[in-house]
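[1] need coordinates for the below:
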Amino acid sequence: VHLAESGGGSVQAGDSLRVSCIASGGTFSEDTMAWFRQPPGKQREFVSAISWRPDVTRYADSAKGRFTISRDNAKNTVYLQMNSLEPADTAVYYCAARYGIVTPAASMYKYWGQGTQVTVSA
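    The predicted structure is shown next:
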């Protein structure tokens, strides 16, 4: 399975941004998809995840109310809509996939993208 993120960029606090991840080489419609991020100098952290039938979603506390995860199985794509961005959201955002239930544990995800940089200035 190959995952490719896109849509990162530099924005100002309060702006919105949508990052996307296109999957290829696997059974995307059966995979749980997730977004993680790694802020500068910090460890990778869970942001959000969505089940293969998009009826189960999970968010980190930092993402609740501001971020929305969604997926389009026909396009093999998962999205993360990020609103009201803050400087603390500055990070490399990674897409990940696993065959199984939604979980925030990074170690449970087998496939990872290369990441896309999101920078939020004050």
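[2] what about the residue nearest to R44 when sequence neighbours are not counted, neighbour count?
    Spatial nearest neighbour of R44, excluding adjacent residues (CB to CB, 6 or more residues apart in numbering): Q38 at 4.4 Å. Every residue, glycine included, has its C-beta placed from N, CA and C. When neighbours are counted by other CB atoms under 10 Å, Q38 registers 14.
[3] how close does Q38 get to V1?
    Per CB to CB, to the nearest Å, Q38 is found 20 Å from V1.
[4] the spatially most central residue of the chain: what secondary structure?
    Nearest to the mean C-alpha position of the chain, by CA atoms, centre = their mean, lies W35 at 2.3 Å. Here W35 is recorded as strand under DSSP: H, G, I helix; E, B strand; the rest coil.
[5] wait, what's in contact with the residue lying closest to R18 once chain neighbours are set aside?
    Spatial nearest neighbour of R18, chain neighbours left out: Q81 (4.9 Å); criterion: CB to CB, 6+ apart. Neighbour list for Q81: 16, 18, 67-70 [criterion: CB atoms under 8 Å, 6 or more residues apart in numbering].
[6] what does the one helix or strand T68 maps to contact?
    T68 is part of strand 67-72 when elements are defined by DSSP states H and E. Strand 67-72 has contacts (CB under 8 Å, 6+ apart) with 33, 35, 47-50, 54, 57, 59, 77-83.
[7] what lines up beside it in the sheet?
    Partner strands and pairing direction for strand 67-72 (DSSP bridges) are strand 77-82 (antiparallel).
[8] for the partner strand, list every residue counted as buried.
    Residues 77-80, 82 are the ones in strand 77-82 that count as buried (16 or more other CB atoms under 10 Å).
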